[in-house]
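[1] I need the structure of the sequence given here:
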Amino acid sequence: MRKYIIAFFLLISCTSFAQNLINTNPLPGKAQLQWHDMDFYFFMHFGPNTFTDLEWGKGNEQEEIFNPSQLDCKQWCRIAKEAGAKGIIITAKHHDGFCLWPSKYSTHTIRESKYKNGKGDILKELSDACKEYGLKFGVYISPWDRNHPKYGTADYNDVFVNMMKEIFSNYGPIWELWWDGANGEGPNGKKQVYDWNKFIKTVRDISPSTVVFSDVGPDIRWVGNENGIAGTTNWNLLDTVGFAPGIKAPSTDTLNAGNMYGKNWIPAECDVSIRPGWFYHAKEDTKVKSPEALFSLYLKSVGRGANLLLNVPPDGRGLINSNDSLALIGFKKLRDQSFKNNVLKHAMQMDKEHSDKSEYRKTEVTTFLILKEPVKMNCIVLKEDIQFGQLIKKLDIHLSNHGTEIKKISITTVGKKRIVTFPAEEVSEVSVVINSAKAKPHLSSIEGYLMDEQLVEQ
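    Predicted coordinates for the structure are as follows:
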């Protein structure tokens, strides 16, 4: 009898441990894993604000003002492709309520504009161009509407749902749907009570493979700032109970870092504009971020396990300005040059594991990379196999030359990709010690590079 009692308690203990591991190790869905592979893509703010020189339209702008004279969505896609971006998210409807498609549920649309004598449809033009250039197509649609007469009433939630149905039906597949949590007054002076549950259910029913962004997901979260910078600790996990997009979102610090033991896989997306503003303003033509500044943002977003959503606003012609395109091509060149030659490619690798089998959180794994001859490097790229979750809590990188340690670097999270830079050193041995993890960690690759020293983040 005693043996059965012991066996019973062992079974309970193992079941409890397994359940605890599941609870602290959420996994990404298939669509989220594909999203992680996107790394970098365009945001494109375009609408009446492009012509009024505003950032937030008032909703009372005359539709005739929207009339891009040379609009060419293929030019957008060609530049995106040349810049190494993998998709485009367009502001189909910003807070002013103007729709870039001829929606049946609004009278403030491209149909009422002078563009192509009211026969234009920018969502169709861009969706078709993205397919031609092999880019993913995403849509930003703000629930705030400063023009629609039903905004501020229960009926408006149905209007918003019907608008989304139009977009999915006519322009799909939609890879990412972007919801802004802004909630101001409409033309009747009232604010809307958004039915987020209804909105989410609509998308899930129509297009379950679409990833949905908001402050709290359900699939992708805001990083907590508009500077394009993820936290040096960045968990793909987030607790959402009691929170909602907008003013009911978690603190920006929480959004920036995530929750170590969050119950939901909701990774961070870093949105930032190539210019000071989000919409095009001619006075900002000389203030476009340099290739070096964009590279720095890449290290602080993609290099911290997030994705980079870079806003590139078309001008009044409907074209990407040459200042922007030059910076983007320079940015692509820096990435190509910096990550061209993996100096650790031919290193001999050995793994050593120490673990207390009763408590995986004490797992320690050391990976040794040994080179025949010293090489100069100033960058280490680590990748965690996130199909098994995000598990690494802390690791140390030791750089040595013929057995003498010359540098130790400590970091916390890894996630999809972690790029660590440092002043260049001659290195013959690299050891990566994972000294704290939530479960047995899966570090899929370790790469080393020598980039332009001026690009190194200290």
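
[2] pLDDT value on the spatially most central residue of the chain, please?
    Compute the mean C-alpha point of the chain, and by CA atoms, centre = their mean the closest residue is residue 269, 2.5 Å away. Listed pLDDT for residue 269 reads 98.

[3] surely it is in a strand?
    Yes. Under DSSP: H, G, I helix; E, B strand; the rest coil, residue 269 sits within a strand.

[4] so what's it bridging to?
    residue 222, residue 307 (DSSP bridges).

[5] quick check: it touching residue 307?
    Yes. Using CB atoms under 8 Å, residue 269 is in contact with residue 307, at 5.0 Å. For every residue, glycine as well, the C-beta is placed using N, CA and C.

[6] give me the common contacts of those two.
    Counting by CB atoms under 8 Å, 6 or more residues apart in numbering, the common neighbours of residue 269 and residue 307 are residue 220.

[7] if I look at the residue nearest to the centre of the chain, how far off is residue 253?
    Per CB to CB, to the nearest Å, residue 269 is found 17 Å from residue 253.

[8] just the strands in the stretch 351-458 of the chain please.
    Using DSSP state E, counting those that start in this stretch, the strands assigned to the stretch 351-458 of the chain run over residues 364-384, 392-401, 404-411, 418-437, 443-449.

[9] other residues contacting the shortest one?
    The one in question is strand 443-449. 338-345, 349, 365, 367, 369, 375, 377-385, 392, 414, 427, 430, 432, 434.

[10] which of those are buried?
    Among the contacts of strand 443-449, those classed as buried by 16 or more other CB atoms under 10 Å are 338, 343-344, 365, 367, 369, 375, 377-384, 392, 414, 427, 430, 432, 434.

[11] and what about the closest residue to residue 237 other than its chain neighbours, helix, strand or coil?
    The spatially closest residue to residue 237, leaving aside those adjacent along the chain, is residue 262, at 3.1 Å (CB to CB, 6 or more residues apart in numbering). Using three-state DSSP, the structure places residue 262 in coil.

[12] so who does residue 262 touch?
    Under the criterion of CB under 8 Å, 6+ apart, the neighbours of residue 262 are 26, 235, 237-239.

[13] and what of residue 152?
    185-186, 188-192.

[14] how does it look with 7 Å?
    Contact analysis of residue 152 by CB atoms under 7 Å, 6 or more residues apart in numbering lists 186, 188, 190-192.

[15] which stretches of the protein have low pLDDT?
    Flagging of the chain using pLDDT under 70 yields the residue ranges 1-24, 354-363.

[16] same thing but 50
    Where the chain drops to pLDDT under 50, the residues are 1-22, 358-361.

[17] which residues of it fall in helices?
    2-24, 30-36, 49-52, 73-82, 122-133, 154-171, 196-206, 252-257, 291-301, 322-338 (DSSP state H).

[18] so what touches the third one?
    Applying CB under 7 Å, 6+ apart, the external contacts of helix 49-52 come out as 55, 57, 61, 65-66, 94, 279-280, 314, 316.

[19] now, the most widely separated pair of the residues you listed?
    61 and 314 (17.3 Å; CB to CB).

[20] identify the residue nearest residue 419 in space, chain neighbours excluded?
    Nearest residue to residue 419 in three dimensions, chain neighbours excluded: residue 303, at 3.2 Å (CB to CB, 6+ apart).

[21] enumerate every residue touching that neighbour.
    Residue 303 sits next to 417-419 when contact means CB under 7 Å, 6+ apart.

[22] follow-up on the earlier one: which one of the contacts of residue 262 sits closest to residue 201?
    residue 238 (20.0 Å).

[23] tell me, how many residues neighbour that closest one?
    Residues near residue 238, counting by other CB atoms under 10 Å, number 25.

[24] same deal with residue 455?
    Neighbour number of residue 455 under other CB under 10 Å is 18.

[25] please apply the same query to residue 350.
    Counted with other CB under 10 Å, residues neighbouring residue 350 total 10.

[26] I'd like the numbering to begin with 263 instead of 1 from here.
    Will do, 263 is the new start, and the previous item becomes residue 612.

[27] ok, what's across the strand from it?
    Applying DSSP bridges to residue 612 gives these bridge partners: residue 630.

[28] where's it relative to residue 415, distance?
    66 Å.

[29] would you list the helices of the chain in TSV and tack on distance to residue 375?
    Shown next, in TSV, are the helices of the chain (distance: least, CB to CB, whole Å):
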stretch	distance to residue 375
helix 264-286	52
helix 292-298	33
helix 311-314	10
helix 335-344	16
helix 384-395	10
helix 416-433	17
helix 458-468	27
helix 514-519	36
helix 553-563	33
helix 584-600	24
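
[30] so residue 539 makes contact with residue 318?
    No. Applying CB atoms under 7 Å as the test, residue 539 and residue 318 come out as separate, 10.7 Å apart.
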